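>>> Pasting the sequence and the predicted model now:
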Amino acid sequence: MAEPGGWRPPTALPEVAFVGRSNVGKSSLLNRLVRRRAFARVSRTPGRTREINFFRVNDAFVLADLPGYGYARISKARQAAWRPLIEGYLSGTSTLRGTVLLLDIRHDPTGDDRAMLDYLAALGTPTVVALTKVDKLSARIAGERAASLSQALRLDSDQVIPFSAETGVGRDELASALVALVSLPAARAP
Ligand SMILES: Nc1nc2c(ncn2[C@@H]2O[C@H](COP(=O)(O)OP(=O)(O)O)[C@@H](O)[C@H]2O)c(=O)[nH]1
Ligand SMILES: [Mg+2]
């Protein structure tokens, strides 16, 4: 889907959306999740993906890869362009069962991250937070970061999954969380 309200592959399957800042590790996470090397493209040019990509998995559900937001080196106008596309998609997709928000475990959440969490909370979309690149920290520091991020964002600890595309840490927990999301009955009307 390239523009707000634009064409998308029609489907009645339950859907889970993935959202986060550019470069947070979203493509890498999707590839690790479905155990494919090049399922979602790992970009060499951060901030480039401008459209929503849909992946049907096992004819059972759909993963929606939303464009990364908040990349500092593109113009303010292009940075703002993600909003109508992402928000239109999130508010207008009746098959959406939940969202995975990615945060780099090493960094504090940005204003955009907080705005996205608030937006998802207002929509009432169940949200799981994946803390990416956990392999870059020692186990002790990673545990401390996960606890302080959960507290800062007022998340339940079972909503937060430390993840590494590099080592596979968190892959099975995330897969279980997705299965739970797509198995739930639709939470809201279209
Ligand atoms: N060490 C490490 N690097 C990662 C991990 N996930 C992604 N990266 C790197 O972070 C950069 C951005 O990853 P990408 O998946 O393209 O991020 P996206 O822009 O959010 O889709 C790439 O250089 C990846 O190799 C991870 O779990 N561990
Ligand atoms: Mg990507």
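Ah, there it is. Residues are numbered from 1 along each chain as shown. Ligands and ions are numbered 1, 2, ... in the order given.
>>> what sits against Glu3?
Applying Cβ atoms under 8 Å, 6 or more residues apart in numbering, one finds that Glu3 lies in contact with Leu85. (Glycine included, C-beta is placed from N, CA and C.)
>>> I'd like the distance between it and Val16.
Look at Glu3 and Val16: by Cβ to Cβ, to the nearest Å, they are 22 Å apart.
>>> for the closest residue to Ser164 other than its chain neighbours, helix, strand, or coil?
Take Ser164 and drop its neighbours on the chain: the residue closest to it by Cβ to Cβ, 6 or more residues apart in numbering is Asp135, 4.1 Å away. Reducing the assignment to helix, strand or coil with DSSP: H, G, I helix; E, B strand; the rest coil, the entry for Asp135 is helix.
>>> Residues of the chain that sit close to ligand 1?
Counting by Cβ under 6 Å from any ligand atom, the residues of the chain lying close to ligand 1 are 22-28, 42-43, 46, 68, 132-133, 135-136, 164-166.
>>> what sits against Arg106?
Going by Cβ under 8 Å, 6+ apart, the list of residues near Arg106 reads 133, 136-137, 145.
>>> coming back round to it: the residue nearest to Ser164 and Gly70, how far apart?
The spacing between Asp135 and Gly70, counted by Cβ to Cβ, is 23 Å.
>>> Could you check which of those two has the larger neighbour count?
Set side by side, Asp135 and Gly70 show more neighbours around Gly70, with 19 against 15, by other Cβ atoms under 10 Å.
>>> Arg32: neighbour count?
Burial measure for Arg32: 23 neighbouring residues, criterion other Cβ under 10 Å.
>>> roughly how far apart are it and Ala40?
Separation of Arg32 from Ala40 (Cβ to Cβ) stands at 10 Å.
>>> hey, where'd the helices end up in this structure?
26-34, 76-80, 82-92, 111-123, 139-152, 171-183 (DSSP state H).
>>> most tightly surrounded among the ones you listed?
Each of those was given a mean neighbour count from mean count of other Cβ atoms under 10 Å, and the largest, a mean of 21, is that of helix 26-34.
>>> Next, the angle from it to helix 171-183.
90 degrees (axes from the mean of the first three to the mean of the last three Cα atoms, to 10 degrees).
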